[in-house]
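Colleague: Structure for this input, please:
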Amino acid sequence: MRGINLYKAGMEGLDAKTIDKIIEDNSKGSKFYENEVRRGAILKEQVARKLAKLRSLTKEEIDAGEKDADKLLRSYCTERRFDRCIVHIDMDAFYAAVEMRDDPSLRLKPLAVGSQSMLSTSNYLARRFGVRAAMPGFLGKKLCPQLTIVPPDFVKYTEVSRAVRAVLVEYCESGPPGLVVMSLDEVYLNITQHLKERADWPPAKRTYWPRAAPKTPMLVCRCAKATKDSGVADLLTTSSASNSPTKLSAAEEGNSNRDAPSNIVSLVVGKDEELATCLLCGMLIRSGPRVFGTSAEEAVREMRFRVFCATRLTCSAGIAPNSLIAKIASDWNKPNGQFFVEPTAEAVETFISPLPIRKVPGIGHVTECRLRAFGVERIEDLRKRRGALFHLVSHIGLAYYMRISLGHSEDDWVGPAASATATMGGTYLRGACQKSMGIERTFHDCADPGILHVKCRQLCLSLVNDMKEAHVQGKTVTMKFKLSTFEVRSRSQTLPDYTCTTAIISQCASEILRDEMKAELAENSKVLTLRLMGVRVSNLVPSAMCQQFRQETLEAAFNRGFQGDETMEPDDDDPLVTSAEVPEDCFVQRSLPLVSGKESFATQAQGFTSATCPVCSKQIRLKDLEEMNEHLDTCLSRQTVWDAVKETFSSPNPSSSKSPSTRTKRVAHPTRSTSSTGPLDKYLKMS
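Modeller: Presented below is the predicted three-dimensional model:
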């Protein structure tokens, strides 16, 4: 079973063993439990294989690996920049906070948003009982019998999210592209230019009253006296202490940057006196105007104050020289707090090195288990064990680990190219840096094709609205399916052209869904039953630049297609690593769906094989060698077309191009295109 994440905000100090036992005892026999056991068994087998390889390494091999890893470290050290100020804003328990704001009776109750099937989020009272997002609601009830579960209202959450962004965009609109929306409750800002301008602002321009608008009532707590007399604090303290499985962990005891967690629920949310709110009414504790300073920390305090005045919701922030550190720092003083990391190499490494590996965004339970097996528990261990990691993960994976060990983030979304081409109204157009946009929804088990197609169209409509708001278009549509058995599948289809049209994306998604229904019936003789569906569009470009991308894509595809693969292939079981990006086209084998990211453990366990095509470098899912041969035939046919067109483009005289027979002969041996390739079986990495 997957263990609880003690590093998530609000869950510090919980007794993980007690919570895990409650979850296991109450989920035995369920599909959720069976899937977790299956995943655990496969993970255990994968770790065992890696450990066997680790034990076989000689000292000379490890030393050689360290030298290669050192080259990456030196390269990243020269790339690091400390002249930017990046802010990560994360709304506190967003969905739950909106519900508590709109229904004050929920404020003092453990609350989760979702259903009995799956929870989307939980408030901080519920987290003290171990209730978390992505947990089935019935398990949340077992951990916390008094848990209140309310259904989600994404229309309302979207409206609130827009109000938040309307405030934040003012802090980056006069500089280079500076706002990237990651989700409804999470954004990155580049406020470097704002700070330069802010230095000359008079106090009057930095003064704000705690009001939603001029001449409206002040958003100030009026229940201070009632709190003292009602004994509510004692009630909360007793309830939390008697029911919450709280236990201070050794990791938290050694964390000098945070206060030790406590069973006591404070009635004051936030350590900043001017921004602190009352748990009972949700209003600000202190009245009167606020005059904010000119530093980065003061600018972020100001934007957090203004977000509260606009929405009556609190947010937390991380301030750092890059997005990786800012993301981690935003979790440091949750809820309703912020943390600043000085823009120096020493400060960044001092901050990140002692942190548990699970604190890194993108490293989840599976990767954490693997790294712990390799002797990596904290971020500083990534460098200490770099020689072994060189042989245990792919080249891409090693580069990722070395980068985060330095606290380095590439942040191409604030680069010169982005500044020149991807602005609109001060909001960064995500197509220049974010590779995809998606939406997914969990629901009760459903096998009705009509209902599933309706849900699919609704998801596509919501996604297209988000894409239009971000002024981007995409080319590849990916559907995510979570079956009633908790098995996760993903299928992709590439469109002929960039689009953000509901009809086109919906038609493509519906075809993928229809094909999956047919495949499930043919392969497993049963109707496709889903509990989650998601739609994602990738290969994003700014809408204003689509025509330019259409003209450049062909030549770029040729260049990438004929350079060959000069890097090691991704590890076949590393969820952080995906295949190197290659040009996608309409030659998609519908019988061989492409895998977006990594396949689910369950899919691997049902007789499918994961393989990497030596021609297109894509990872595919297949059952036998015949399917691989069909895919290779398609790729080789496509290679023939690429050869012909490239030679036509590159040759000033069309008559000088090679004859078809010569080109065909060259295609028959695709491995000769680069010295780094080898026999076909080198590329087929069987699970």
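Colleague: For the residue lying closest to Gly65 once chain neighbours are set aside, what is the enclosing helix or strand?
Modeller: In this structure, Gly65 finds its nearest non-sequential neighbour in Phe390, 3.0 Å apart by C-beta to C-beta, 6 or more residues apart in numbering. Glycine gets a C-beta too; all of them are placed from N, C-alpha and C. In this structure, Phe390 sits in helix 386-392 according to DSSP states H and E.
Colleague: mean confidence score for that helix?
Modeller: The pLDDT scores in helix 386-392 average 94.
Colleague: Next, count neighbours for Gly450.
Modeller: For Gly450, the count of nearby residues is 8 (other C-beta atoms under 10 Å).
Colleague: Residues in contact with the helix or strand hosting it: which ones?
Modeller: Taking DSSP H and E as the criterion, Gly450 maps to helix 449-470. Outside of helix 449-470, the residues within contact range by C-beta atoms under 8 Å, 6 or more residues apart in numbering are 154, 181, 427, 429-431, 437-441, 443, 446, 473-474, 479, 500-502, 505-506, 509-510, 513-514, 517, 528, 530, 533-537, 540.
Colleague: circling back: now do the residue nearest to Gly65 against Ala399, distance only.
Modeller: Distance of Phe390 to Ala399, computed by C-beta to C-beta, to the nearest Å: 11 Å.
Colleague: Then Leu483?
Modeller: Distance of Leu483 to Ala399, computed by C-beta to C-beta: 34 Å.
Colleague: Likewise for Asp200?
Modeller: Distance check for Asp200 against Ala399: by C-beta to C-beta, it reads 42 Å.
Colleague: Looking at these two, which is more packed in?
Modeller: The neighbour comparison of Asp200 against Ala399 (other C-beta under 10 Å) goes to Ala399, with 17 against 8.
Colleague: Is the more buried one in contact with Leu72, as I believe?
Modeller: Yes: here Ala399 reaches Leu72: they are 5.6 Å apart, a contact under C-beta atoms under 8 Å.
Colleague: dump the residue contacts of the residue nearest to Gly65.
Modeller: Applying C-beta under 8 Å, 6+ apart, we find Phe390 in contact with Ile62, Ala64, Gly65, Glu66, Asp68, Ala69, Leu398.
Colleague: Flag every buried residue along stretch 186-206.
Modeller: Glu186, Val187, Tyr188, Leu189, Asn190, Ile191, Thr192, Gln193, His194, Leu195, Arg198, Arg206 (16 or more other C-beta atoms under 10 Å).
Colleague: Name the nearest of the residues you listed relative to Ser295.
Modeller: Set against Ser295, the nearest of the buried residues of stretch 186-206 by C-beta to C-beta is Leu195 (7.8 Å).
Colleague: tell me the contacts of the closest one?
Modeller: Cys85, Thr294, Ser295, Ala296, Ala299.
Colleague: and which of the buried residues of stretch 186-206 is nearest Ser492?
Modeller: Nearest to Ser492 among these is Glu186, at 25.0 Å by C-beta to C-beta.
Colleague: what secondary structure does the closest residue to Glu79 other than its chain neighbours sit in?
Modeller: Nearest residue to Glu79, sequence neighbours excluded (C-beta to C-beta, 6+ apart): His408, at 6.8 Å. Put simply, His408 is coil when judged by DSSP: H, G, I helix; E, B strand; the rest coil.
Colleague: Can you pull out the low-pLDDT segments for this protein?
Modeller: For the chain, the stretches with pLDDT under 70 are 1-3, 173-177, 224-266, 412-434, 548-687.
Colleague: you'd agree Arg441 is in a strand?
Modeller: Yes: counting by three-state DSSP, Arg441 is found in a strand.
Colleague: Can you report how many residues neighbour it?
Modeller: Look at Arg441: counted by other C-beta under 10 Å, it has 16 neighbours.
Colleague: what does the one 4 residues further on give?
Modeller: Look at Asp445: counted by other C-beta under 10 Å, it has 12 neighbours.
Colleague: contacting residues for it?
Modeller: Counting by C-beta under 8 Å, 6+ apart, Asp445 touches Ser117, Ser484, Thr529, Leu530, Arg531.
Colleague: In strands, which of those residues fall?
Modeller: Judged by DSSP state E, these include Leu530, Arg531 as members of strands.
Colleague: Make a markdown table from the contacts of Asp445 and add distance to Ser490 and neighbour count to it.
Modeller: Converted to a markdown table, these look like this (distance: C-beta to C-beta, whole Å; neighbours: other C-beta atoms under 10 Å):
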| residue | distance to Ser490 | neighbour count |
| --- | --- | --- |
| Ser117 | 20 | 16 |
| Ser484 | 17 | 17 |
| Thr529 | 17 | 15 |
| Leu530 | 13 | 24 |
| Arg531 | 15 | 20 |
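Colleague: TSV for the contacts of Asp445, including distance to Leu459?
Modeller: TSV is the format used below for the contacts of Asp445 (distance: C-beta to C-beta, whole Å):
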residue	distance to Leu459
Ser117	17
Ser484	18
Thr529	18
Leu530	12
Arg531	14
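Colleague: Out of the contacts of Asp445, which comes closest to Glu45?
Modeller: Checking the contacts of Asp445 one by one against Glu45 (C-beta to C-beta), the nearest turns out to be Ser484, at 25.0 Å.
Colleague: Report the separation between the closest one and Gln507.
Modeller: Distance, Ser484 to Gln507, by C-beta to C-beta: 26 Å.
Colleague: Then Ser120?
Modeller: Distance from Ser120 to Gln507, counting by C-beta to C-beta: 29 Å.
Colleague: Those two: who's more crowded?
Modeller: Taking other C-beta under 10 Å, Ser120 and Gln507 do not tie; Ser120 has more neighbours (20 against 15).
Colleague: Now the terminal residues of stretch 314-334, how far apart.
Modeller: End-to-end distance of stretch 314-334 (C-alpha to C-alpha, to the nearest Å): 10 Å.
Colleague: picking up where we left off before, Produce a ChimeraX select command limited to the buried residues of the contacts of helix 449-470.
Modeller: Filtering the contacts of helix 449-470 down to the buried ones (16+ other C-beta under 10 Å) takes a single ChimeraX command:
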select :181,427,429,430,431,437,438,439,441,446,473,474,479,500,502,505,506,509,510,513,517,528,530,533,534,535,536,537,540
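Colleague: Remind me what the helix or strand hosting Ala299 packs against, helices and strands.
Modeller: Take DSSP H and E as the rule and Ala299 turns out to sit in helix 296-311. Under the contact criterion of 3 or more C-beta pairs under 8 Å, 6 or more residues apart in numbering; DSSP states H and E, helix 296-311 touches strand 86-91, helix 154-168, helix 192-198, strand 207-208, strand 315-320, strand 338-340.
Colleague: Go again with 7 Å.
Modeller: Applying 3 or more C-beta pairs under 7 Å, 6 or more residues apart in numbering; DSSP states H and E, we find helix 296-311 packed against helix 154-168, helix 192-198, strand 207-208, strand 315-320, strand 338-340.
Colleague: mind checking which of the ones you listed is nearest Leu495?
Modeller: With respect to Leu495, and counting by C-beta to C-beta, the nearest of the helices and strands packed on helix 296-311 is helix 154-168 at 25.7 Å.
Colleague: Can you give me the distance of Met467 to His444?
Modeller: Separation of Met467 from His444 (C-beta to C-beta): 28 Å.
Colleague: er, Val155 actually
Modeller: For Val155, the distance to His444 equals 20 Å [C-beta to C-beta].
Colleague: show me the contacts for Asn336.
Modeller: Asp92, Val269, Gly270, Leu275, Ala276, Thr277, Thr314, Ser316 (C-beta atoms under 7 Å, 6 or more residues apart in numbering).
Colleague: coming back round to it: turn the helices and strands packed on helix 296-311 into JSON lines, columns for distance to Asn35.
Modeller: Below are the helices and strands packed on helix 296-311 laid out as JSON lines (distance: least, C-beta to C-beta, whole Å):
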{"stretch": "helix 154-168", "distance to Asn35": "26"}
{"stretch": "helix 192-198", "distance to Asn35": "46"}
{"stretch": "strand 207-208", "distance to Asn35": "50"}
{"stretch": "strand 315-320", "distance to Asn35": "33"}
{"stretch": "strand 338-340", "distance to Asn35": "37"}
